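# whatever this is, show me its structure:
(chains A and B)
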Amino acid sequence: MMALLNAQAEVSAISNDHLLALAAILFSIGIFGFLVRRNAIIVLASVELMLNAANLTFLAGSRMHSTSEALNLDGPVFAIFVILVAAAEAAVGLALVIALYRLKQTVHLDALNQLEG
Amino acid sequence: MEQFLFFLLSLSAIAFSVGVVVVKSPMKSVLSLLGSFVSLAVIYLLIGFQFLAAAQLLVYAGAIMVLFLFVVMLLNLSDVNAVFDAPTRVLGQKRYAIATGAAALIGLVALFAGGSVQASESAGAIPAEGYDRIEYLGALLFSRYMIPFQASALLLLATMIGVLVLAKRRRDGDIEEVSR
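Numbers count the residues shown, from 1 in each chain, chains lettered A, B, ... in the order given. As a prediction, this is how the structure comes out:
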């Protein structure tokens, strides 16, 4: 996409497959934590784990689609947006946790049964 | 050497992530999350994304982590733990969660290993100044991604106002109405 790459490229020993596998593992751990844990703070932390795995995938994709003449910068740009959304999500989520704690004196998600779900 | 470092960092990232999910105390869990963020930041550095590594450290390990720690410390943890140890109401939930997580892992690995994601020839080469050269990144943000960029500014403003409204201490009468 974007401009030239004049300097000599050193060969990286890290393959994209390894990056994608790591991202898959981290994402699965995040899903697991999101479903298993009942503590609202840990659930939010699991969401952050999943967003991090998504970021790693974006960067691996950018590496995949960059050639020596043209860098692909869509991956890093999207990673920046993901980081931004993650920050906003953490702020709102933790504010919700505080509001929940004020209301119920707990952050246990099973205590939220007012809607009889 | 590089590869060895990568595997070491991957192992630590995975171990810290498992720690986030498994450890009982929220405090230790959040600190484990910090370890996971830092490991990933070093991995970013290793694969040639210098700016993203810095952003990861500043935003995740700095700002978001402070937010998490602040909330964990703000809330009364002894009370939290007492309720936390209570058995979950939904029976067999843990089993479903393990099944979902395992299915997701198998699916993702199969997708990547099955060749539907193909690597280009240049996959192995890191440009000398990294992939995310900051001047190109900035130019792209202010040209092609101008509207998402402005929208994200709006998102941050909305978040700020929303958090203020949510976390604002209410007058005593308000809480009585809603609770229980």
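# please enumerate the helices of chain B.
Assigned by DSSP state H, the helices in chain B fall at B:2-22, B:26-46, B:50-55, B:65-74, B:77-84, B:93-113, B:134-141, B:146-167, B:172-178.
# let me fix that, I meant to ask about chain A.
Along chain A, counting by DSSP H, helices occupy A:16-36, A:40-65, A:74-104.
# got CSV for these, with mean neighbour count and mean pLDDT too?
The C-beta positions use only the backbone N, C-alpha and C, and glycine is treated the same way. As requested, these are exported to CSV (neighbours: other Cβ atoms under 10 Å in any protein chain shown; pLDDT from 0 to 100):
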stretch, mean neighbour count, mean pLDDT
helix A:16-36, 22, 89
helix A:40-65, 24, 92
helix A:74-104, 20, 91
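# any idea how far B:Trp29 is from B:Met146?
Just to correct that, residue B:29 is Ser rather than Trp. 39 Å (Cβ to Cβ, to the nearest Å).
# more crowded one of the two?
B:Ser29 (23 against 11; other Cβ atoms under 10 Å in any protein chain shown).
# can you pull the contacts of that one?
Counting by Cβ atoms under 8 Å, 6 or more residues apart in numbering or on different chains, B:Ser29 touches A:Ile41, A:Ile42, A:Ala45, B:Gly19, B:Val20, B:Val21, B:Val23.
# need the winner for burial among the helices of chain B.
helix B:26-46 (a mean of 21; mean count of other Cβ atoms under 10 Å in any protein chain shown).
# circling back: quick one, which of the helices of chain A gets closest to B:Gly62.
helix A:74-104 (10.1 Å; Cβ to Cβ).
# taking helix B:26-46 as reference, get the angle to that closest one.
When axes from the mean of the first three to the mean of the last three Cα atoms, to 10 degrees is applied, the directions of helix A:74-104 and helix B:26-46 differ by 170 degrees.
# same for helix A:74-104, what does it pack against?
Helix A:74-104 is packed against helix A:40-65, helix B:50-55, helix B:65-74, helix B:134-141, helix B:146-167, helix B:172-178, with contacts defined by 3 or more Cβ pairs under 8 Å, 6 or more residues apart in numbering or on different chains; DSSP states H and E.
# now tabulate the contacts of B:Ser29 in TSV and tack on distance to B:Arg95.
Supplementary listing: the contacts of B:Ser29 in TSV, determined by distance: Cβ to Cβ, whole Å:
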residue	distance to B:Arg95
A:Ile41	24
A:Ile42	19
A:Ala45	22
B:Gly19	22
B:Val20	21
B:Val21	16
B:Val23	21
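# thinking again about what came up before, of all the helices of chain A, which lies closest to B:Leu9?
Comparing the helices of chain A under Cβ to Cβ, the one sitting nearest is helix A:16-36, at 9.1 Å.
# how much space between the closest residue to A:Thr57 other than its chain neighbours and B:Leu111?
Counting by Cβ to Cβ, 6 or more residues apart in numbering or on different chains, A:Ala23 is the residue found nearest to A:Thr57 once chain neighbours are left out, at 4.6 Å. Distance check for A:Ala23 against B:Leu111: by Cβ to Cβ, it reads 11 Å.
# overlap in contacts, these two.
In contact with both A:Ala23 and B:Leu111: no residue, using Cβ under 8 Å, 6+ apart.
# can you give me every residue that contacts the residue nearest to the spatial centre of chain A?
The C-alpha lying nearest the average C-alpha coordinate of chain A belongs to A:Leu51 (Cα atoms, centre = their mean; 1.1 Å). Residues in contact with A:Leu51, defined by Cβ under 8 Å, 6+ apart, are A:Val82, A:Val85, A:Ala86, A:Glu89.
# identify the residues contacting B:Leu11.
Applying Cβ under 8 Å, 6+ apart, no residues qualify as near B:Leu11.
# any idea how far the residue nearest to A:Ala54 when sequence neighbours are not counted lies from A:Ala53?
Nearest non-adjacent residue to A:Ala54, counting by Cβ to Cβ, 6+ apart: A:Val82, 6.0 Å away. A:Val82 is 10 Å from A:Ala53, where distance means Cβ to Cβ.
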